[in-house]
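Trainee: kindly return the folded structure for what I paste below:
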Amino acid sequence: MVWRLTLRHVKAALGSSARSVSAPGWPLSRSVVALGCTPRFSCDTPRFSSSRYLLSSGTRRNPLDPGFMTRNVSRGPKQSRPVEFNDLSDIQEEATRAAILEKVMKGRQPTDLMLRCTVLDAEGNVKTISGQFKKSDLCGEHRLNPRDLRKIDSRVPNLVPTILIRKEAFLVNILHIRALVKADTVILFDTFGSADSRLHSVFLYHLEHNLKTKGSGLPYEFRALESILLSVLSALEAEMVFIRNLVGGLLAEMEDNIDHDRFKRLLHYSRRLASFKNRATLVEEALEEVLGQDDDLTAMYLTDKKDDIIRELDDHEDLEVLLESFSKQVEEIVNEAENIETNVQSTQEIVELILDSNRNSLLALDLKVSIITMGIGSGAMVAGLFGMNLMSHVETHPWAFYGMTGFATALATVVACSGLRRLAKIRKVGLSNTNSSRARRKPWLPLPLRHRTPDGWS
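Mentor: This is a model prediction of the structure:
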């Protein structure tokens, strides 16, 4: 009878590193190794290593194949299912997943529940710079929901600007600004990156100066909001000027010469312009969304709410004027971006037309050469006819050579000129001459015999 390495033996071997499964004439031991090591079967007769077959990409036969290890050994009548390569692969895959999950769980540090913040007091002075605060403490102190902090967490990618109004504060997340504004406190959540850090420093300096200036008549939270929107507007304007100079210079270069590198730069600038336009549009939509909600505008009067001053639902003229002024300026930036995008698209279309025209010219040149070659071939055909070793009685004529030469030349010229003329007619295309041949065709019937239609005689 035939004895096979069965799945029951492998499972028994995997149960303990010291256990072994043996059969008459074929002892089998199975050692369980740590994750990352390849399982290894050791046999006395014959001796082989399964890792050599598992890791090899050659043409060796799989030792775990049911037909690989077969010997005439006396066995009972019961036949077990042979082990397959997929069984060990599934075991390794599950162990690998468990190890990765354990590594990820160990890598989670308690600092993930912390936020770096800069706090400004009611006088505009900086109390804390890049301090570590727990999210739970911030939620409890400022009466926020945990999902509110997700919008302003600098580690979470968020491209959609938002202005969230809550009971005692409102949260602003626009471009590089992530802030929590209260009636007497401003909390700035630090962002990372070289450009963002520079903008953050400039914004912090302007915010301190604006909060310390109390002669404007605006409450504390509106002065903070004005500084935030002014910083956002300055960032948009600076990027707009930069992109406009890039695109303008490239379009001026393409007027003189069009090459592959300029095309690639134009594509890159187009994508950058589209991304900038999208960000500016989202900022405008965020401001318009707040302006469209009277209850949100009223709830943003945090100082009056703190002093228990009740305002009417439509009594928010100061805040509405402030937001509308910035919204109009952002709208102008969006319109300018659209104009630049239109110029880029027009330039791309014109360049494509020029390239198409050049390609058509090359094709026409190829056709002209082919037509001239056809004409020369027609003349050469005449010479080929007279090149046969057959008696035509023309070769005895004294003027036969000159006559046949002239005839071949005339034939080649007529064929070439006819082809070139036909090509010129085909290439002559206009917007109003699609039916010109039909319009120029004169009717062959006299006027009394023609049929009169509502559109005229036909």
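
Trainee: how many residues are close by the nearest residue to residue 367 once chain neighbours are set aside?
Mentor: Counting by Cβ to Cβ, 6 or more residues apart in numbering, residue 423 is the residue found nearest to residue 367 once chain neighbours are left out, at 5.8 Å. Every C-beta, even on glycine, is put in place using the N, C-alpha and C of the backbone. Around residue 423 there are 15 other residues, counting by other Cβ atoms under 10 Å.

Trainee: tell me which residues in stretch 126-145 are buried?
Mentor: Buried residues in stretch 126-145, defined by neighbour count with 16 or more other Cβ atoms under 10 Å: 133, 135, 138, 142, 144.

Trainee: if I look at the closest residue to the fourth one other than its chain neighbours, how far off is residue 89?
Mentor: When you say that, I think you mean residue 142. What sits nearest to residue 142 in space, not counting adjacent residues and going by Cβ to Cβ, 6+ apart, is residue 169, at 5.5 Å. Per Cβ to Cβ, to the nearest Å, residue 169 is found 55 Å from residue 89.

Trainee: who has more neighbours out of the two?
Mentor: Legend: neighbour count by other Cβ under 10 Å for residue 169 and residue 89, higher for residue 169 (23 against 11).

Trainee: contacts only, for that one.
Mentor: 142-144, 180-182, 302 (Cβ atoms under 8 Å, 6 or more residues apart in numbering).

Trainee: cool, and residue 331?
Mentor: residue 284.

Trainee: could you look up the SS state of it?
Mentor: Under DSSP: H, G, I helix; E, B strand; the rest coil, residue 331 falls in the helix class.

Trainee: roughly how far apart are it and residue 324?
Mentor: Relative to residue 324, and taking Cβ to Cβ, residue 331 is found at 10 Å.

Trainee: still on that earlier bit, among the contacts of residue 169, which one sits closest to residue 100?
Mentor: residue 144 (34.2 Å; Cβ to Cβ).

Trainee: quick one, what contacts that closest one?
Mentor: 138, 166, 169, 171, 180.

Trainee: okay, those in JSON lines with distance to residue 360 and pLDDT next?
Mentor: What follows is the contacts of residue 144, written out as JSON lines (distance: Cβ to Cβ, whole Å; pLDDT from 0 to 100):
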{"residue": "138", "distance to residue 360": "67", "pLDDT": "84"}
{"residue": "166", "distance to residue 360": "64", "pLDDT": "88"}
{"residue": "169", "distance to residue 360": "65", "pLDDT": "89"}
{"residue": "171", "distance to residue 360": "59", "pLDDT": "91"}
{"residue": "180", "distance to residue 360": "63", "pLDDT": "91"}
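
Trainee: looking at these, which are in strands?
Mentor: Of the contacts of residue 144, the ones assigned to strands by DSSP state E are 171, 180.

Trainee: how about residue 295: what's its closest non-neighbour residue?
Mentor: residue 313 (6.6 Å).

Trainee: thought the one you found was touching residue 299?
Mentor: No - with contact defined as Cβ atoms under 8 Å, residue 313 does not count as touching residue 299 (10.2 Å).

Trainee: check the contacts of residue 144 and tell me the two furthest apart.
Mentor: Taking Cβ to Cβ as the measure, the contacts of residue 144 have their most distant pair in 138 and 166, spaced 12.0 Å apart.

Trainee: okay, now the sheet partners of the longest strand along the chain, with direction.
Mentor: Assignment by DSSP E gives strand 126-134 as the longest strand of the chain. Strands adjacent to strand 126-134 in the sheet, as given by DSSP bridges, are strand 114-120 (antiparallel).

Trainee: buried sites along the partner strand?
Mentor: In strand 114-120, counting by 16+ other Cβ under 10 Å, buried: 115-120.

Trainee: do the same with stretch 214-234
Mentor: Neighbour-count burial for stretch 214-234 flags 218-233 (criterion: 16+ other Cβ under 10 Å).

Trainee: over to stretch 372-381?
Mentor: Buried, per 16+ other Cβ under 10 Å, within stretch 372-381: 372, 375-376, 378-379.

Trainee: what is the strand or helix carrying residue 250 packed up against?
Mentor: Using DSSP states H and E, residue 250 maps to helix 220-256. Packing partners of helix 220-256 (3 or more Cβ pairs under 8 Å, 6 or more residues apart in numbering; DSSP states H and E): strand 170-174, strand 177-181, helix 194-212, helix 260-291, helix 302-306, helix 317-386.
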